[in-house]
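Trainee: next comes the sequence, and after it the predicted model I'd like to discuss.
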Amino acid sequence: MTITLLQLWQPILLGTFLAWIASALIHMLVKYHNSDYQQLSNEDEVLSAIRNGSPALGIHSLPYCIDMAEMNNPDVREKFNKGPVAMLTVFPNGMPPMGKLMVQQISFFLFGCILIAYCATLALTSGPEYMVVFRFVSAVGFMTFGWANIPLSIWYGHPWSTTAKYLLDALIYGLVVAGSFAWLWPA
């Protein structure tokens, strides 16, 4: 018998909760992402220079090029060769709005679990063995929560070690969500 998305509301909610708890443990207890960020030796000077430029919120590339054709310009090439070459994200001033960010993170896991559930309804019927559901959902969960991190290393200069850690996170999220779905899959 086919399974509907509505029948999977329990594993969707449990998977969302467990992935969020896993994320909290990774970032607040284990803290292996702390090494992803480095401090500039002249942080105060850089902060002052950026502040004086009053940049708009968002992502800025340094040196800036509107398109690839500009890279043929000798002045632009010199800027790239002289460096630094960087991507800068400017956030609103002030402390991070943790409540808003937590809601967004929970929403990320909720919508991820809904997408995973949708894929599972297309591939699985009622009553499969625990490991059949677990293997399918863990694979889809890993892709849902992690695969899109790879281009950040390809195009945006994130160290591959950072991407590897985010892929580990995705594997953990995929596994806890898979456990939820396998345990609560309709008979």
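Mentor: Now that the structure is in, tell me what you want to look at.
Trainee: sec struct for Y64, please.
Mentor: Three-state assignment for Y64 (DSSP: H, G, I helix; E, B strand; the rest coil): coil.
Trainee: now it: phi and psi?
Mentor: The phi and psi torsions at Y64 (degrees, to the nearest 10) take the values phi -90, psi 130.
Trainee: got the residue ranges for the strands in this protein?
Mentor: Taking DSSP state E, the strands of the chain run over residues 58-62, 86-90.
Trainee: from the contact counts, what lies against the last one?
Mentor: Contact analysis of strand 86-90 by 3 or more C-beta pairs under 8 Å, 6 or more residues apart in numbering; DSSP states H and E lists strand 58-62 as its packing neighbours. Every C-beta, even on glycine, is put in place using the N, C-alpha and C of the backbone.
Trainee: which helices and strands sit right next to the strand it packs on?
Mentor: Counting by 3+ C-beta pairs under 8 Å, 6+ apart, strand 58-62 packs on strand 86-90.
Trainee: the strand it packs on pairs with which strands, parallel or anti?
Mentor: The pairing partners recorded for strand 86-90 under DSSP bridges are strand 58-62 (antiparallel).
Trainee: and the contacts of the strand it pairs with?
Mentor: Strand 58-62 is contacted from outside by P84, V85, A86, M87, L88, T89, V90, using C-beta atoms under 8 Å, 6 or more residues apart in numbering.
Trainee: report the two of those separated the most.
Mentor: Using C-beta to C-beta, the contacts of strand 58-62 reach their maximum pairwise distance at V85 and V90, which is 17.4 Å.
Trainee: before we move on, the earlier item: CSV for the strands of the chain, including mean pLDDT?
Mentor: CSV is the format used below for the strands of the chain (pLDDT from 0 to 100):
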stretch, mean pLDDT
strand 58-62, 94
strand 86-90, 94
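Trainee: would TSV of those with distance to L47 and mean neighbour count be doable?
Mentor: Shown next, in TSV, are the strands of the chain (distance: least, C-beta to C-beta, whole Å; neighbours: other C-beta atoms under 10 Å):
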stretch	distance to L47	mean neighbour count
strand 58-62	14	11
strand 86-90	11	11
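Trainee: mind giving me the domain ranges of this structure?
Mentor: As assigned by automatic domain parsing, the chain contains the domains 6-37+96-184, 43-90.
Trainee: and the end-to-end length of the first one?
Mentor: Same thing as domain 6-37+96-184. From its first residue to its last, domain 6-37+96-184 covers 13 Å (C-alpha to C-alpha, to the nearest Å).
Trainee: on that earlier part again, out of the domains of the chain, which one sits most buried?
Mentor: domain 6-37+96-184 (a mean of 16; mean count of other C-beta atoms under 10 Å).
Trainee: how far does it sit from its chain's centre?
Mentor: The chain centre lies 9 Å from the centre of domain 6-37+96-184; the measure is C-alpha atoms, centre = their mean, to the nearest Å.
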